[in-house]
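*Asks:* Provided below for reference: sequence and predicted model.
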Amino acid sequence: MKDFIHHALSIQECVKELAEFEALLASKAELKERDEILPFFKKNLNLAAFLGTYIPDIANPDRVANEYDIFGDFACDLAVGDSKSQTFLLVEFEDAKAGSLFVQNGVKATPEWAPRLEHGFSQVLDWFWKLSDMEKSDDYENRFGARHVAIHGLVVVGREQTLKPREKARLKWRQDHTIVHSKKVSVITFDQLARDLNYRLSRYPEAAKVDKS
């Protein structure tokens, strides 16, 4: 699904799919992007679409695409949009491993940001560059419905079980303060993703009607 499809979000199905995602995270300490993470979100479109709620202006995530082509030069793992507010979220998934976030470099006491995380972040920068270059084109309007739309980025990478409090604080600070070309770019772990989605789903009355078992 390399183009957007119109999707009618089901909160009840989201709850069930989130339970499957939480079970997947609990089943092993590490998950591979290509073999496990991408296939999961391709299969579970309701939860994939619900990731759009990371952006407040995406009230109804009614457009979704996996491996979304960005004008032939790049592709994001997941794209979610709200056709009414004309707001979109582009998602890059990386491996869910402890070493995907920070790595120890020699004798330095403070670990450095891991290449896997920086690779994902650089991907988002390239998407934004290409989108800015194409923004006033007919092709851009055909894809997004207007010559200018709001587009944000999300990188989901790593596990947090082995993170020390200092590294958790560094990651949180980066998440809260990274703005690129007036666009929000968040970097979160898969564990935080599950927690955040669980909380957001709990705000919907329909979620209370679902038996997760």
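*Replies:* Perfect, I can see it now.

*Asks:* contacts, neighbours, all on C-alpha from now
*Replies:* Noted.

*Asks:* return the residues in contact with Pro205.
*Replies:* With contact set as CA atoms under 8 Å, 6 or more residues apart in numbering, Pro205 has no partners.

*Asks:* helix or strand for Ala79, which one?
*Replies:* Per DSSP states H and E: Ala79 is located in strand 74-82.

*Asks:* which positions in that strand come out as buried?
*Replies:* Neighbour-count burial for strand 74-82, counted by 16 or more other CA atoms under 10 Å, picks out 75-82.

*Asks:* who's in contact with it?
*Replies:* If you take CA under 8 Å, 6+ apart as the criterion, strand 74-82 is touched by 4, 38, 48-49, 51-52, 57-70, 87-93, 126-127.

*Asks:* kindly recompute the last result at 7 Å.
*Replies:* With CA atoms under 7 Å, 6 or more residues apart in numbering as the test, strand 74-82 has contacts from 49, 52, 58-69, 87-93, 127.

*Asks:* so which residue is smack in the middle of the chain?
*Replies:* Val91 (3.7 Å; CA atoms, centre = their mean).

*Asks:* tell me who's in contact with that one.
*Replies:* 76-79, 153-155.

*Asks:* need the residues you listed in CSV with distance to Glu118 and pLDDT, can you?
*Replies:* Compiled in CSV, these are given as follows (distance: CA to CA, whole Å; pLDDT from 0 to 100):
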residue, distance to Glu118, pLDDT
Cys76, 15, 97
Asp77, 16, 97
Leu78, 18, 98
Ala79, 20, 98
Gly153, 14, 96
Leu154, 13, 96
Val155, 10, 97
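
*Asks:* identify, from the residues you listed, the entry nearest to Ala114.
*Replies:* Closest approach between those and Ala114, by CA to CA: Val155, at 13.2 Å.

*Asks:* doesn't the closest one lie inside a strand?
*Replies:* Yes: secondary structure of Val155 (DSSP: H, G, I helix; E, B strand; the rest coil): part of a strand.
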